[in-house]
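Enquirer: requesting a structural model of the entry that follows:
(chains A and B)
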Amino acid sequence: MSATSVPVIETSGLTKTFKGVQALKPLDLRVSQNSICGFLGPNGAGKTTTIKLLLGLSRPTGGNALVFGKDIQHESDEIRRRIGYLSQDPRYYEYMTARETLRFTAKFFYAGPRAEIERRVAETLDLVGLTDKADRPIKGFSGGERQRLGIAQAQVNYPDLLILDEPAASLDPIGRRDVLEVLCKLRKYCTVFYSTHILDDVQRVSDTVVILNKGTLVTQGPIEELLSSRQGTAFTLTLKGDYAAAETRLRSQPWVTGMQVMSKNGRVSWQIRVSDPDLAEARLVPLALAGGDVTVCEFGRKAQNLEDVFLSIVEEDNHER
Amino acid sequence: MSASASLLVPSRSRGWRTGLGNLLSKELAGWWRTRRWWVQCLVALLLLNGIMALNMKGSDPSNAGLNFLISAGLSAPIAAMVLASDSIFGERHSGTAAWVLSKPMRRQAFILSKVVAHGLGMLVTWVVIPGVLAYIQLKPGIGNGLSAVGFLGAFGLIFLNLFFYLTLAFMLATLFNGRGAVLGIAILVDFTGLMQFIALPVQKYIPWVNDIMPWKLTIDFANNGPLAGRLAVGAPLPTVVPIIATAAWCVLFVGVAIWRFRREEF
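Expert: Modelled structure (predicted):
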């Protein structure tokens, strides 16, 4: 099932202030049904605050938000009946086993029959690969096993919306791959809204992204749109020779917004972000060669990935503040 | 979605009962499916019945019975306070409270399940089991002077006294962030009846406070013994005001705890 235009999460001017500090500035967010939405931002951007507001764990200072068209402040119970949530640092009752934890979770949603609840618990344990550890107390679980259990408990109720706060944070590469596979499987049944720092994963599985910086929404939309809108705003220029003067000349151009420098084998490679791609395409090489003391080895537009886009958006946003 | 999803019956509890049954089962399991119940029971038997057995050697059994009430009036509340504060702080600091609150449940249910489960656990381990044993210990010495029905009534007052401190500790645990403040305040209230430098001025200048606090239930040196002691020997009660007032405090404490916990942010 592909993403529809029906919003599952819709916030309007949602704000949160902690002791005079505005953790979340008026946020207008929209997440469509059956999408996998990556929620990105540097540490302290307000991602967890937003998630807690949506779940009713925290109260907004201003604005409002609807989840499934229901108000987060007045219909929180009804919203939580349809949500699965995995926190950033999942904690459970240590004396319980994984099976008991899932049974306890399932009973918030289902009254019975007992056999069906047990079947669902077993099915969920199997999905995250914890069947062989199902009857061991959680206190002996590794970080990865806890995270798997977290994913299991988040979707034991067949949620319509899965909210995951850093789901792959403490997993090894295999665990991460498994989590992504689970997310892809769940796409058919529900909307997934997850925060992460692993941008490679976001690009691999998400349809849309929301980028938050310092409590402000910087951008949101489909990944393809975001990547194509920033396409061509960065160039790669590799030189050999005495490049110090060339670097000074390039940095002084008003349309050059940033330069990343990498040196290797007597060559220097610059990733140059620009505000006017056409002008840059025409002027970068002549400007570099103007002193006559360098040779251009390679020049071209850089293929953008989500990490580049994320970094450039956040840097631009920080620069504008 | 698997076919079994359609066979599962959604939970129908709504309003303040949302999640209550599940949380109560979990809290009760925390008492009866772990070693907690027998550890509490063992401590209670040692502190209450053990000390009473020592007091009975060569002394009047009624005095030993009075000491049992005083011990129950002082030590059972301490156990209740520690358990109640640990229960709230433990969940809040470990993050399990935030996890549970992300499920469909009401915050009232979170507090009520703890109050009911701990109340029941304390009733059995600190009142019923030591109380029955105390009756067996005292009966040969006191004989017909010890009324079985009156003794049951005395159990009720011991429990009411204990429940007062349990609910007080729950309320304080939702109001403060540290165990020190909770235990400090609750223990001060518990021992006020014994501390003459506080009890005497209270008796002299604001005597009505004694009537609205639980002290007269199990510890009352001034007025012909505690109410629980009078019930145990079948004597009439001079007043029921402390009983009604203590019950009212319990309701108030639970109400404040729920009000405060509903405002808590995680």
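
Enquirer: shouldn't residue B:80 be in contact with residue B:118?
Expert: Yes: in this structure residue B:80 lies within contact range of residue B:118 using C-beta atoms under 8 Å: 7.2 Å. Where C-beta positions appear, they are placed from N, C-alpha and C, glycine not excepted.

Enquirer: pick out whichever of these two has more residues nearby.
Expert: residue B:80 (28 against 23; other C-beta atoms under 10 Å in any protein chain shown).

Enquirer: please, which helix or strand holds residue A:164?
Expert: strand A:161-165 (DSSP states H and E).

Enquirer: contact partners of that strand?
Expert: With C-beta atoms under 8 Å, 6 or more residues apart in numbering or on different chains as the test, strand A:161-165 has contacts from A:8-9, A:47-48, A:51, A:54-55, A:67-68, A:82-88, A:151, A:154-155, A:183, A:186, A:190-195.

Enquirer: restrict these to those that also contact chain B, please.
Expert: Applying C-beta under 8 Å from any C-beta of the partner chain to these, one finds that A:55, A:83, A:85, A:87 fall near chain B.

Enquirer: get me the contact residues on the stretch 51-200 of chain A for chain B.
Expert: A:52, A:55-59, A:77-78, A:80-81, A:83, A:85, A:87, A:89-93, A:95, A:104-105, A:107-113, A:116-117, A:119-120, A:123, A:158, A:189.

Enquirer: again, only using 7 Å
Expert: A:52, A:55, A:57-59, A:77, A:80-81, A:85, A:87, A:89-93, A:95, A:104-105, A:107-113, A:116-117, A:119-120, A:123, A:158, A:189 (C-beta under 7 Å from any C-beta of the partner chain).

Enquirer: just those: which are in helices?
Expert: When DSSP state H is applied, these are split such that A:52, A:55, A:77, A:80, A:104-105, A:107-109, A:116-117, A:119-120, A:123 fall in helices.

Enquirer: so where do the strands sit in the stretch 151-266 of chain B?
Expert: For the stretch 151-266 of chain B, applying DSSP state E, counting those that start in this stretch gives no strands.

Enquirer: got the residues of the stretch 151-266 of chain B near chain A?
Expert: With C-beta under 7 Å from any C-beta as the criterion, the stretch 151-266 of chain B comes near chain A at residues B:265, B:266.

Enquirer: out of the ones in helices among the residues of the stretch 51-200 of chain A next to chain B, which are buried?
Expert: For these, a burial check counting by 16 or more other C-beta atoms under 10 Å in any protein chain shown picks out A:52, A:55, A:77, A:80, A:104-105, A:107-109, A:116-117, A:120, A:123.

Enquirer: which residue does chain A bring closest to chain B?
Expert: With C-beta to the nearest C-beta as the measure, residue A:91 is the residue of chain A nearest to chain B, at 3.6 Å.

Enquirer: what about that residue, how many residues nearby?
Expert: Residue A:91 has 18 nearby residues by other C-beta under 10 Å.

Enquirer: before we move on, what about the one 5 residues further on?
Expert: The number of residues packed near residue A:96 is 18, by other C-beta under 10 Å.

Enquirer: and for residue A:173?
Expert: Residues near residue A:173, counting by other C-beta under 10 Å, number 8.

Enquirer: which ones among the contacts of strand A:161-165 are found in strands?
Expert: Under the assignment DSSP state E, the contacts of strand A:161-165 contribute A:8, A:9, A:67, A:83, A:84, A:85, A:86, A:191, A:192, A:193, A:194, A:195 to strands.

Enquirer: who's in contact with the last one?
Expert: Going by C-beta atoms under 7 Å, 6 or more residues apart in numbering or on different chains, residue A:195 touches A:39, A:47, A:51, A:165, A:166.

Enquirer: for it, report the pLDDT, please.
Expert: Per-residue pLDDT puts residue A:195 at 94.

Enquirer: that one and residue A:99, how far apart?
Expert: According to C-beta to C-beta, to the nearest Å, residue A:195 stands 28 Å off from residue A:99.

Enquirer: got it, and residue A:260?
Expert: As judged by C-beta to C-beta, residue A:260 and residue A:99 stand 50 Å apart.

Enquirer: now do residue A:90
Expert: Residue A:90 is 16 Å from residue A:99, by C-beta to C-beta.

Enquirer: same check on residue A:27?
Expert: Separation of residue A:27 from residue A:99 (C-beta to C-beta): 39 Å.

Enquirer: who has more neighbours, those two?
Expert: residue A:27 (23 against 19).

Enquirer: helix/strand/coil for the residue nearest to that one when sequence neighbours are not counted?
Expert: Among residues not flanking residue A:27 along the chain, residue A:14 sits closest, at 4.4 Å (C-beta to C-beta, 6 or more residues apart in numbering or on different chains). Following DSSP: H, G, I helix; E, B strand; the rest coil, residue A:14 is assigned to strand.

Enquirer: quick one on the thing from earlier: tell me the buried residues within the contacts of strand A:161-165.
Expert: Among the contacts of strand A:161-165, those buried by neighbour count (16+ other C-beta under 10 Å) are A:8-9, A:47-48, A:51, A:54-55, A:67-68, A:82-88, A:151, A:154-155, A:183, A:186, A:190-195.

Enquirer: so residue A:212, which of the three states?
Expert: Three-state call for residue A:212 (three-state DSSP): strand.

Enquirer: so how far is residue B:80 from it?
Expert: Distance of residue A:212 to residue B:80, given as C-beta to C-beta: 45 Å.

Enquirer: check residue B:61 too.
Expert: According to C-beta to C-beta, residue B:61 and residue B:80 sit 27 Å apart.

Enquirer: go on, residue A:161?
Expert: The gap separating residue A:161 from residue B:80 is 41 Å, by C-beta to C-beta.

Enquirer: go on, residue B:127?
Expert: Noted for residue B:127: a distance of 11 Å to residue B:80, by C-beta to C-beta.

Enquirer: find residues that contact each of the two.
Expert: residue B:162.

Enquirer: quick check: the residue of chain B nearest chain A.
Expert: residue B:95 (3.6 Å).

Enquirer: can you get me a residue count around residue B:110?
Expert: Neighbour count of residue B:110, defined by other C-beta under 10 Å: 23.

Enquirer: test my guess that it contacts residue B:23.
Expert: Yes: at 6.3 Å, residue B:110 counts as touching residue B:23 under the criterion of C-beta atoms under 7 Å.

Enquirer: so what's residue 175 closest to, chain neighbours aside?
Expert: With no chain named, the answer covers chain A. Spatial nearest neighbour of residue A:175, chain neighbours left out: residue A:144 (4.9 Å); criterion: C-beta to C-beta, 6+ apart.

Enquirer: not quite, I wanted chain B
Expert: residue B:260 (5.7 Å).

Enquirer: surely the one you found meets residue B:173?
Expert: No: at 9.4 Å, residue B:260 does not count as touching residue B:173 under the criterion of C-beta under 7 Å.

Enquirer: more crowded one of the two?
Expert: residue B:173 (30 against 18).

Enquirer: OK, contacts around the nearest residue to that one once chain neighbours are set aside?
Expert: Excluding the flanking residues, the one nearest residue B:173 by C-beta to C-beta, 6+ apart is residue B:88, at 3.7 Å. Going by C-beta under 7 Å, 6+ apart, residue B:88 touches B:170, B:173, B:174.

Enquirer: and those, which of them are in helices?
Expert: Short answer: the contacts of residue B:88 in helices (DSSP H) are B:170, B:173, B:174.

Enquirer: so how far is residue B:158 from the last one?
Expert: To residue B:158, residue B:174 is 26 Å away according to C-beta to C-beta.

Enquirer: these two: who's more crowded?
Expert: More neighbours surround residue B:158 than the other of residue B:174 and residue B:158, with 29 against 23 (other C-beta under 10 Å).

Enquirer: the more buried one reaches residue B:219, doesn't it?
Expert: No: look at residue B:158 against residue B:219 with C-beta under 7 Å: they stay out of range, at 11.0 Å.

Enquirer: picking that back up, mind listing what the residue of chain B closest to chain A touches?
Expert: A:89, A:91.
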